[in-house]
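Colleague: attaching a predicted model along with its sequence, questions to come.
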Amino acid sequence: MGEVGRGFSLRRRLRKALRVTVGGLAVAVTAAACGGSGAAGGKTSADPRTRIMIIGDSLTQGTAGDYTWRYRLAAHLSLSAPGRVDFVGTRDDVHDNVSDTAGSHAYLDPMFDRQHSSVWGDSLYLENPKVEGVLKQVPADVVLLGGNDLEFRTNAPQTVAKIKQFLDNARKASPRLTFVLGHVGPAGARGWP
C-alpha cells in the first residue's frame, strides 16, 4: 500500500473511496442488470445477476484479519441490489502482510462473495498485459478498477494512456464491458482519495 500522509487515516481514505466506488457501481450495475449498453451480451431471465470483476492492488485485495472494502461493498450491494450481483474473478484470497504471502483466507468475516482479480502491489503496468486473458477465463459484465498503486511506474499522462490501454485490452475479451474507475491520486496528497 502507498504510504499514508501525515494526518490522514487509512480508514477515512477507504470510506471515501468506497462512497465514490459505490456510487459509480450502482449506475453500472443498474445499466448492466437492465440489459443496457453496458451488459456483456445482454441478460437473460436465466442469469439475472450482474457479474462484477474487481481488479486492483493491495487496497482491493485486502489483508488477513481485516474486513476489506470488498466486504463492505458486498454488504451494501446485498441490501441495495439483493440477488442481482455476483463478484467474479480468479482469486478469493487476501494477502498476509505479516508473512508477506498471498493466498490467505483469514478474513475477519469470510461470509461474503469473495471472488476478485486483485493482486497486492499490482499496477496498470503489470495488469495491462494480463487483463484480456483474465476476462476470457472469467467473463464479467462490469469491471471495477481501483487502488492506490495503479499509477506506479507512470506519471499522470502515462497513467491516462495506461488506463486507455487497460480498457482497450479488456474490451478485446468483451467489447460491451461497463467500467467503474476509482479516483487515483498521489499517495499522501491532501484529499486523496
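Modeller: Received, thanks. Predicted, not measured: the structure shown is a model, and the values here were computed from it.
Colleague: where along this structure do the helices fall?
Modeller: 10-33, 58-61, 69-80, 124-127, 131-137, 156-173 (DSSP state H).
Colleague: those: lowest mean pLDDT?
Modeller: When the helices of the chain are ranked by mean pLDDT, helix 10-33 comes last with a mean of 49.
Colleague: report the inter-axis angle for the strand ranked longest in the chain versus helix 156-173.
Modeller: Identified as the longest strand of the chain according to DSSP state E is strand 50-56. Counting by axes from the mean of the first three to the mean of the last three C-alpha atoms, to 10 degrees, strand 50-56 lies at 140 degrees to helix 156-173.
Colleague: and the average pLDDT for strand 50-56 is what?
Modeller: Rounded mean pLDDT across strand 50-56 is 94.
Colleague: pull the number of nearby residues for the nearest residue to Gly83 once chain neighbours are set aside.
Modeller: Distances taken as C-beta to C-beta, 6 or more residues apart in numbering place Arg49 nearest to Gly83, at 6.9 Å, with adjacent residues excluded. Every C-beta, even on glycine, is put in place using the N, C-alpha and C of the backbone. Per other C-beta atoms under 10 Å, the neighbour tally for Arg49 reads 17.
Colleague: next one: Asp86
Modeller: 17.
Colleague: on contacts alone, who are the packing partners of the longest strand of the chain?
Modeller: Identification of packing neighbours for strand 50-56 by 3 or more C-beta pairs under 8 Å, 6 or more residues apart in numbering; DSSP states H and E yields helix 10-33, strand 85-88, helix 131-137, strand 142-146.
Colleague: what comes up buried for that strand?
Modeller: 50-56 (16 or more other C-beta atoms under 10 Å).
Colleague: residues near the closest residue to Phe112 other than its chain neighbours, how many?
Modeller: Distances taken as C-beta to C-beta, 6+ apart place Ala74 nearest to Phe112, at 4.1 Å, with adjacent residues excluded. Ala74 sits with 19 neighbouring residues when counted by other C-beta under 10 Å.
Colleague: Ala74 and Phe87 touch, don't they?
Modeller: Yes. Counting by C-beta atoms under 8 Å, Phe87 is a contact partner of Ala74 at 6.7 Å.
Colleague: spit out the residues that contact those two alike.
Modeller: The contact sets of Ala74 and Phe87 overlap at Asp113 (C-beta atoms under 8 Å, 6 or more residues apart in numbering).
Colleague: show me the contacts for the closest residue to Asp149 other than its chain neighbours.
Modeller: Excluding its sequence neighbours, the residue lying closest to Asp149 (C-beta to C-beta, 6+ apart) is Asp57, at 4.2 Å. Residues in contact with Asp57 (C-beta under 8 Å, 6+ apart) are 1, 118-123, 147-150.
Colleague: return a ChimeraX selection command for the buried portion of these.
Modeller: Per 16+ other C-beta under 10 Å, the buried members of the contacts of Asp57 correspond to this ChimeraX selection:
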select :1,118,119,120,122,123,147,148,149,150
